[in-house]
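Peer 1: make a model of this:
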Amino acid sequence: MRRPMEGAGGRDGMRPMDGDLLRDLDEIRARGLHRSLRVVERRDGPRLVIGGRALLSFCSNDYLGLADHPATSAAAREAVERFGWGSGASRLVSGTMRPHAALEEALASFKGTEAAVLFPTGYMTNLGVIAALAGPGDEVIADRLDHASIIDGCRLSGARLRVYPHGDVERLERVLAAARGARRRLIVTDTLFSMDGDLAPLREIVALARRHGAWVMADEAHATGVLGAAGRGGAELLGVEDGIDVSMGTLSKALGGSGGFVAGSAVLADYLRNRARPLIYTTAPPPASCAAALAAIGIVRREPGTRAALLGMADRLRRALGAIGLDTMGSGFQIVPVRTGDAGAAVRASAELLRRGILVPAIRPPTVPRGESRLRISVTAAHTDADVDLLAGALAELAAAGVLGREGGG
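Peer 2: Modelled structure (predicted):
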């Protein structure tokens, strides 16, 4: 790491703040948890160039290959020509342009709800919605493996946060019963979990919420565009859309763009426009990104075969990995984790794959619990059977060499 120049102040030419932060960074490195950025120099679907090397990527959330689809690119260019790039203001001032309104109308139609509200990112959606709906005197109940944005939104809200073990509906019911004195009880869960690739028990969660008078918020970030007959997500797949009070989704994964949204009743939408701080106090997303998302929704609705092919490709990989004894953690969709347990094993396996020209990230604490480190593979519709077979073959070699171990627990 390059050290600060002399004369910046403090001991050894460093500012006191930098010296303190460097000690923390050294500790992060010692635990094998240091991260750094990779700069992508060129991209063609799952094929990237990084540092002058051509790589096959299995780490993108662009599940349907829409990020560089001709239709989404053309829609964005047309919107730039008509509206410019930036929106120039927040949604409630003058930042809401025709593409924003058209996208919200299309999202509501797609999700089968009265209304939808657009946010700049999925992270800001969860922060804004949870903090708007819950506060002191309320209780928010979350799955242990919910995304960080959900947990941060719960903490920001000032409500009491209760966490139940992953997918444990019996514990959830006990938590709901214990929280009966709260003004509001909000259950928040991912539908398709981003690191495990499994589905929340939504039928049971909805039934419990009805029995106890609680609200349900479903984060469909990784399921939107992929799961269900119409691609609406995990709630559609399991037939419980009517039991979801707040349906959150992103535009940045299967829809290939940027942003987040909430779909629900007209009353919910009006409330969020007046109470969700990340919507009120943030510049509106660029109109071109809205136009691209609008085009992506059209593709999802017209081309159901793409998501069917995607899930078939993921099943092909899962079967191949199961045949060589690798633990894919009960995943069932386009996210295919390979458990290593030890953080060091995950890092070594990722490095060995990179040496073979395959980009697969090592997922370590704090993203996943200690002892649950893994490789996280995401399959996309832009991959081919040959791509999947190449990855499976490389992982078989690493397994035979003992790289994919479970010892330790990082």
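Peer 1: distance from the lengthiest helix in the chain to the middle of the chain?
Peer 2: Counting by DSSP state H, the longest helix found in the chain is helix 304-323. Distance of helix 304-323 from its chain centroid, counting by CA atoms, centre = their mean, to the nearest Å, is 20 Å.
Peer 1: hmm, who's touching it?
Peer 2: Applying CB atoms under 8 Å, 6 or more residues apart in numbering, the set of residues contacting helix 304-323 from outside is 63-65, 225-227, 229-231, 254, 299-300, 328, 331, 333-336, 338, 377, 379-381, 383, 385, 388-389, 391-392, 395. Every residue, glycine included, has its C-beta placed from N, CA and C.
Peer 1: and the buried ones among those, selectable in ChimeraX?
Peer 2: Only the buried members of those end up in this ChimeraX selection, burial being decided by 16 or more other CB atoms under 10 Å:
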select :63,64,65,225,226,227,231,254,299,300,328,331,333,334,335,336,338,377,379,380,381,383,388,391,392,395
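Peer 1: pretty sure residue 268 sits against residue 115.
Peer 2: Yes. Contact criterion CB atoms under 8 Å: residue 268 and residue 115 qualify, at 7.2 Å.
Peer 1: identify the contacts common to these two.
Peer 2: Overlap of the contact sets of residue 268 and residue 115 (by CB under 8 Å, 6+ apart) is empty.
Peer 1: need the helices for this structure, in chain order.
Peer 2: Under DSSP H, the chain gives helices at 16-30, 70-83, 98-111, 122-133, 148-157, 169-178, 202-212, 234-237, 266-275, 277-280, 287-302, 304-323, 343-355, 385-400.
Peer 1: domain-wise, how is the chain divided?
Peer 2: 33-62+304-400, 70-302 (automatic domain parsing).
Peer 1: may I see these arranged in a markdown table, with mean pLDDT as well?
Peer 2: Compiled in a markdown table, the domains of the chain are given as follows (pLDDT from 0 to 100):
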| stretch | mean pLDDT |
| --- | --- |
| domain 33-62+304-400 | 95 |
| domain 70-302 | 97 |
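Peer 1: quick one: which of the contacts of helix 304-323 sit in strands?
Peer 2: Among the contacts of helix 304-323, DSSP state E puts 335-336, 338, 377 in strands.
Peer 1: and which of these is nearest residue 158?
Peer 2: Ranking these by separation from residue 158, with CB to CB as the measure, puts residue 335 on top at 32.5 Å.
Peer 1: pretty sure the closest one contacts residue 192?
Peer 2: Yes. Residue 335 sits in contact with residue 192 when judged by CB under 8 Å, with a separation of 7.1 Å.
Peer 1: can you list residues touching both of the two?
Peer 2: Listed as contacting both residue 335 and residue 192 by CB under 8 Å, 6+ apart are residue 222.
Peer 1: need the helices of the chain in a markdown table with distance to residue 39, can you?
Peer 2: Rendered in a markdown table, the data for the helices of the chain read as follows (distance: least, CB to CB, whole Å):
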| stretch | distance to residue 39 |
| --- | --- |
| helix 16-30 | 20 |
| helix 70-83 | 22 |
| helix 98-111 | 30 |
| helix 122-133 | 22 |
| helix 148-157 | 24 |
| helix 169-178 | 43 |
| helix 202-212 | 39 |
| helix 234-237 | 34 |
| helix 266-275 | 36 |
| helix 277-280 | 28 |
| helix 287-302 | 22 |
| helix 304-323 | 27 |
| helix 343-355 | 15 |
| helix 385-400 | 23 |
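Peer 1: relative to residue 370, which of the ones you listed is closest?
Peer 2: Across the helices of the chain, the minimum distance to residue 370, taken as CB to CB, is reached by helix 343-355, at 8.3 Å.
Peer 1: okay, buried residues for the closest one please.
Peer 2: Within helix 343-355, the residues scored as buried using 16+ other CB under 10 Å are 343-350, 352-354.
Peer 1: and what of stretch 72-83?
Peer 2: Taking 16+ other CB under 10 Å as the neighbour-count basis, stretch 72-83 is seen to contain the buried residues 72-73, 75-76, 79, 83.
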